[in-house]
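A.B. asks: Coordinates for the following, if possible.
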Amino acid sequence: AVGAKVQLLDEAVTEQQSKVSVVLFKPPSWVSQNQDAITEKDRQRLAIRLLTRDNCASEGAWSDFKRLRPDADQGPVGLKEMACAGRLDYESSGLLIFTQDGRVARRIIEEGGKLEKRYAVDVKREAGWKGPDVVEWAVSKLRDGISLDGAKLKPADIRVKSQKSGRVLPGESVKLEVVLREGKYRQIRRMCELVGF
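C.D. replies: As a prediction, this is how the structure comes out:
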């Protein structure tokens, strides 16, 4: 009804405040999410298994974490109801956020969200590339928003970070900073492949 007052039960507030979110740097050759773990080898390389005392930033942070998860000292933490908000592919490294809080996960991964994701990308010109070999052309195409899977992507912010400009020969490397406002399957790799990297 109009003007009705809604109040959360104390138990609900306590439950919400006990939700855990953890930031983890995923190195290459680790799997971000359970559904990506196809083989037994993959399941042994789930990034969540890196959440151990040895990988915790400080003793205080580990104490806070252990308060919420008393069995954390018994090895890698397979936190109940802990989900990875977003993903990095197997070959990539970078920041992952694991959370028990659905509000946090939705804010990070929702389509049309305002949260930007920033990536440092090192690409090389493909051997046998038949298109233009000018860095500015490739960056312009990426900025304008190209199509993947039959849908136009939102324009990306792209900056060339290496000093290299002009022509790029096969095998030469270019460092880019890429800012995305959406997240498609292997988006950056696939975008770069379309412009010859």
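
A.B. asks: So for residue 29, what pLDDT did the model give?
C.D. replies: pLDDT for residue 29: 90.

A.B. asks: That one and residue 131: what is the separation?
C.D. replies: According to CB to CB, to the nearest Å, residue 29 stands 31 Å off from residue 131. (Glycine included, C-beta is placed from N, CA and C.)

A.B. asks: tally of neighbours for residue 92?
C.D. replies: Neighbourhood size, residue 92 [other CB atoms under 10 Å]: 18.

A.B. asks: Actually, residue 180.
C.D. replies: With other CB under 10 Å as criterion, residue 180 counts 20.

A.B. asks: what sits against the closest residue to it other than its chain neighbours?
C.D. replies: By the measure of CB to CB, 6 or more residues apart in numbering, the closest residue to residue 180 outside its immediate chain neighbours is residue 117, 5.0 Å from it. Contacts for residue 117 (CB atoms under 8 Å, 6 or more residues apart in numbering) come out as 86, 179, 180, 181, 183.

A.B. asks: Now do the SS call for the second one.
C.D. replies: It refers to residue 179. strand (DSSP: H, G, I helix; E, B strand; the rest coil).

A.B. asks: how near is the closest residue in space to residue 32 that isn't next to it in sequence to residue 24?
C.D. replies: Of all residues not flanking residue 32 in the chain, residue 87 sits nearest, at 3.9 Å (CB to CB, 6+ apart). Plainly put, residue 87 is 12 Å away from residue 24 if you go by CB to CB.

A.B. asks: Between these two, which contacts overlap?
C.D. replies: Residues touching both residue 87 and residue 24 by CB under 8 Å, 6+ apart: residue 96.

A.B. asks: all strands for the chain, in order.
C.D. replies: 21-26, 83-85, 94-99, 117-124, 147-148, 151-152, 157-160, 173-180 (DSSP state E).

A.B. asks: Of the ones you listed, which is nearest residue 140?
C.D. replies: For residue 140, the closest of these is strand 157-160, at 8.6 Å, according to CB to CB.

A.B. asks: Remind me what the closest one packs against, helices and strands.
C.D. replies: Counting contacts by 3 or more CB pairs under 8 Å, 6 or more residues apart in numbering; DSSP states H and E, strand 157-160 is packed against helix 135-144, strand 173-180.
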